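Trainee: Sequence first, predicted model second:
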Amino acid sequence: MKFLYQTNKWLVIINALLFIIPFFGLLFLIILGAAQVIMALIIAYNIKKLNTRGKTKFGIYVLFSSIVLMLIKIMPNPNEDIVIITLALCVLLALLHLNITYLLYKTK
C-alpha cells in the first residue's frame with residue numbers, strides 16, 4: 001500500500017504544479033482521475049486493511065465520486081460556473097483520495 005500512497009502523492013504534486021498553467025493542470029486532472037479510479041479498485045479489493053475511519057472516508061469518496069460522475073453525465077449544456085464547481089469537486093476528491101491512501105500507508 002506504500003506504493004499507492006507514493007504514486008498518488010506524486011501525481012497530486014505534479015497536478016498542483018501543472019495548475020500554474022491552468023490548461024495543463026486540467027488535462028493532467030484527467031490522468032490523475034484515471035489513476036485514482038484504478039487505485040480505488042485496488043483499495044476496494046483490500047478494504048479489510050482499512051480501519052473504521054478509513055472505511056468511512058472511502059465510502060464518502062465512492063459516494064461523492066459517483067455523484068460527480070452523474071452530474072457530469074446529466075448536464076446537457078453546462079455553463080461556466082457549473083464546470084468550475086465540478087472541477088473544484090474533482091480536486092477535492094483527489095485530496096480525499098490522497099488522505100485515504102495515506103491512512104493505508106500509516107496502518108501498514
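Mentor: Noted; the coordinates are in hand.

Trainee: so where does the residue nearest the centre of the chain fall, helix or strand?
Mentor: Nearest residue to the geometric centre of the chain (C-alpha atoms, centre = their mean): Ala94, 2.8 Å. Using DSSP states H and E, Ala94 maps to helix 80-107.

Trainee: Leu103: neighbour count?
Mentor: The number of residues packed near Leu103 is 20, by other C-beta atoms under 10 Å. Every C-beta, even on glycine, is put in place using the N, C-alpha and C of the backbone.

Trainee: For whichever strand or helix holds Leu41, C-alpha coordinates in PDB please.
Mentor: Leu41 is part of helix 22-45, with elements assigned from DSSP H and E. Only the C-alpha atoms of helix 22-45 are listed here, as PDB (Å, rounded to 0.1, in the frame of the first residue of the first chain):
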ATOM      1  CA  PRO A  22      -4.400  26.000 -15.900                       C
ATOM      2  CA  PHE A  23      -4.800  24.200 -19.200                       C
ATOM      3  CA  PHE A  24      -2.100  21.700 -18.400                       C
ATOM      4  CA  GLY A  25      -3.400  21.200 -14.900                       C
ATOM      5  CA  LEU A  26      -6.900  20.500 -16.200                       C
ATOM      6  CA  LEU A  27      -5.500  18.000 -18.700                       C
ATOM      7  CA  PHE A  28      -3.500  16.200 -16.100                       C
ATOM      8  CA  LEU A  29      -6.500  16.100 -13.800                       C
ATOM      9  CA  ILE A  30      -7.900  13.500 -16.300                       C
ATOM     10  CA  ILE A  31      -4.800  11.400 -15.800                       C
ATOM     11  CA  LEU A  32      -4.900  11.800 -12.000                       C
ATOM     12  CA  GLY A  33      -8.600  10.800 -12.000                       C
ATOM     13  CA  ALA A  34      -7.900   7.700 -14.100                       C
ATOM     14  CA  ALA A  35      -5.100   6.600 -11.800                       C
ATOM     15  CA  GLN A  36      -7.200   7.200  -8.700                       C
ATOM     16  CA  VAL A  37     -10.000   5.100 -10.100                       C
ATOM     17  CA  ILE A  38      -7.600   2.200 -10.600                       C
ATOM     18  CA  MET A  39      -6.200   2.800  -7.100                       C
ATOM     19  CA  ALA A  40      -9.800   2.900  -5.700                       C
ATOM     20  CA  LEU A  41     -10.400  -0.500  -7.200                       C
ATOM     21  CA  ILE A  42      -7.300  -1.800  -5.500                       C
ATOM     22  CA  ILE A  43      -8.400  -0.300  -2.200                       C
ATOM     23  CA  ALA A  44     -11.900  -1.800  -2.600                       C
ATOM     24  CA  TYR A  45     -10.200  -5.200  -3.100                       C
END
